[in-house]
Structure formats: C-alpha cells, structure tokens
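# sharing a sequence plus its predicted fold:
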Amino acid sequence: MNKGFGDIPVRQIDEIQKQLHLYHDIVYHQMKGMYAIQTPVKNDFFTLILFEKAEGKHVINGREYPIKDMQLHMVFAGQIHHWEYKSTANIYQIFVHREVFERLEGFMQYPALVYKKKPVTELNIKDFQKLVREFQDIRDELRSPSPVMNEIMYSKMKIIIRNISRQLQKNGEYFDIYESHPVLFDFMSLLAKDFKLERTKKYYAGILGINANYLNVLCKKYFEKTATEIIHSHIVDKIQYRLMMTDESLKDIAFDFGFQSYGYFSGFIKNYTGFTPKQLRESYLKKGNE
C-alpha cells in the first residue's frame, strides 16, 4: 500500500488481487465478522459493498454514513474512506479496476455526481437478494474461468449498475432536480464525455441550446457551484488521479487533456491545487517510498 497526499494510504487493486489470488480486473470478495478500516484509505478502484447485517459507520470523503442491515455502499476511485461496524452476517464486495469502470460508467442512468452524493442505498430483502445473486454469479465465474468469462462478468456488472440506478431513483433525492431541469442532467452527461477537449461553460451551454449565464444560475442554485467550477473541478480530479496512479509523462497527460502547452497545463493545475503537476507527482512518489 502506497502513501498518498497528506499521508493517506493508497490501496491499489493489484494488492487485492494478490491477497485473494484473483487476477481479474473485476474481483469478488466475501467476508464475515469484523473487518474495520480504522485508518482513512484511498482506493485506486471502484468498490461496491453489500452489508447483510451490520451496525456502525462508514466515512466517505469526510461525510459519515450509518451502516445498517441490507445496504449498498459505493466508493469511487480516488475517494477517501474508512469504516467501523459490528457484524454477525456476510458482507459482499466487488472491486472494479478503474479502467474497466470507466467503460461501465456509460451504463449509469445518471451522472456520476449523483451517485457520489448518494453513496449509500437502503434495500428491501428482495432487491438485496437480487444483488447478492449477481455478486455471486461473478464469484462463480472467477472460480471456473471460461473463454467467455470476460463478456459474462462485464454483462453482470452492467446489470448490477442498472439495478443500482433503479434503487437510487426510488429515493427521489436529487432526481427531482433532473426532472425539473433535465438540462442539468444533459450538462453533467456531456461533461463526462467531453471534459478532455472542452473547458468552457460557453461550449456546454451552446451544445445544450441555452444561455451560458442561465447554465451558471442553475448550477449555482442546485449544485452550489458555478458551471465553470464544476467543469474545472471535474477536470482537475481526473488529472490528479492520472498523476498519482500512472507513470505517464506530464506532457502526454497535458496533451491528452487538450492543453496546447505544458505551461498552461501546469498553471491550470497550480491555480486549483496550489501545486504544479510535477510537485504533485513528486510529493506522491516521495510519500510512497517512505
């Protein structure tokens, strides 16, 4: 386990794979009893957790969520989390490599921002058991590999993601916003697709067929951020992840994100983080070697 910024350990999926002797990019793990994560950790992969019977707390990105029976918890790559709980029953987990999840993300019914705002979902027994069966189908595929295993597991993950979307929709929270102002849903979906190439609210407003100032007003009212802040925050988050989790050259990352010069790229990152891309990566590497 490497050390990340602020001495937060970074847990990588290859550690999980080696520990469980499962070397697929989608990994199933079931545990029973106590397994506290008392020290905050940042994962470099997407995690789904089903708590069958438990009581405690799960802190995700600084926000505390109660752990209860028959819940689904989601932790996205790059988020910091830790938990404590009392348990007498099974806990089911699926770990998904970030690159695989980026492909699956397109099957989410709503923008990732919605799922991150609502990372814990209460389930009834029928829906809980349905998800457990999907998790266990992935377990069975890992136990008995076949030539079509990748396709089957990928299909199973699509089913799970769609089920999660349906569960979130039942809650109603946040979704009233998108029903009342579907342009915000379109904006977040468009941002997830075009963020590497476009960084201005004018571009997104133009594609959506609305005035840029109107987009700004909606974002401020419902997300408490300007449209530009949302765009830049999304881009910086993706770039920081690449700086920490890959060994790609800084110039290649800058080019991939549509920056025409390294100087502009460096200044953009420093404006939002207080550090240049080089300083961020050096800080990460230094702490990872401590």
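Thanks, I have the structure now.
# how near is the closest residue to residue 100 other than its chain neighbours to residue 223?
Distances taken as Cβ to Cβ, 6 or more residues apart in numbering put residue 25 closest to residue 100, at 4.7 Å, once the chain neighbours are dropped. Heads up, the C-betas are built off the backbone N, CA and C, glycines and all. Note on residue 25: its distance to residue 223, by Cβ to Cβ, to the nearest Å, is 32 Å.
# point out where the stretch 101-250 of the chain drops to low pLDDT.
Counting by pLDDT under 70, the stretch 101-250 of the chain contains low-confidence ranges at 111, 170-179.
# at 90 instead, please
Along the stretch 101-250 of the chain, the parts satisfying pLDDT under 90 run over 101-118, 144-151, 154, 162-186, 188-197, 221-225, 233-234, 236-248.
# list the buried residues in stretch 133-153.
134, 135, 137, 138, 141, 142, 153 (16 or more other Cβ atoms under 10 Å).
# show the contacting residues for the fifth one.
What it means is residue 141. 149, 152, 153, 156 (Cβ atoms under 8 Å, 6 or more residues apart in numbering).
# out of the residues you listed, which are inside helices?
Counting by DSSP state H, the part of the contacts of residue 141 found in helices is 149, 152, 153, 156.
# now, which of these sits nearest residue 260?
residue 153 (39.7 Å; Cβ to Cβ).
# chain center to the host helix or strand of residue 64: distance?
Assigned by DSSP states H and E, residue 64 falls within strand 63-67. Mean C-alpha position of strand 63-67 versus that of the full chain (Cα atoms, centre = their mean, to the nearest Å) differs by 17 Å.
# which residue ranges of the stretch 101-250 of the chain form strands?
Ranges of strands within the stretch 101-250 of the chain are 120-122, based on DSSP state E, counting those that start in this stretch.
# related to what we said a few turns ago, how about JSON lines for the contacts of residue 141, with distance to residue 112 added?
Shown next, in JSON lines, are the contacts of residue 141 (distance: Cβ to Cβ, whole Å):
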{"residue": "149", "distance to residue 112": "27"}
{"residue": "152", "distance to residue 112": "25"}
{"residue": "153", "distance to residue 112": "21"}
{"residue": "156", "distance to residue 112": "20"}
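# circling back: would you turn the buried residues of stretch 133-153 into a markdown table with distance to residue 118?
Output for the buried residues of stretch 133-153, formatted as a markdown table (distance: Cβ to Cβ, whole Å):
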| residue | distance to residue 118 |
| --- | --- |
| 134 | 20 |
| 135 | 20 |
| 137 | 25 |
| 138 | 23 |
| 141 | 29 |
| 142 | 29 |
| 153 | 25 |
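# bridging residues for the nearest residue to residue 115 once chain neighbours are set aside?
In this structure, residue 115 finds its nearest non-sequential neighbour in residue 74, 6.1 Å apart by Cβ to Cβ, 6+ apart. With DSSP bridges as the criterion, residue 74 is bridged to residue 48.
# just the pLDDT for residue 74.
Per-residue confidence (pLDDT) for residue 74: 96.
# equivalent analysis for the one 5 residues further on, please.
According to the per-residue confidence, residue 79 scores 88 in pLDDT.
# centre-most residue in this protein?
residue 76 (2.4 Å; Cα atoms, centre = their mean).
# need phi/psi at that residue.
Main-chain dihedrals, residue 76, degrees, to the nearest 10: phi -80, psi 150.
# which residues does it contact?
46, 112, 115, 116, 119.
# what sits closest to the fourth one if chain neighbours are left out?
Meaning residue 116. residue 76 (6.0 Å).
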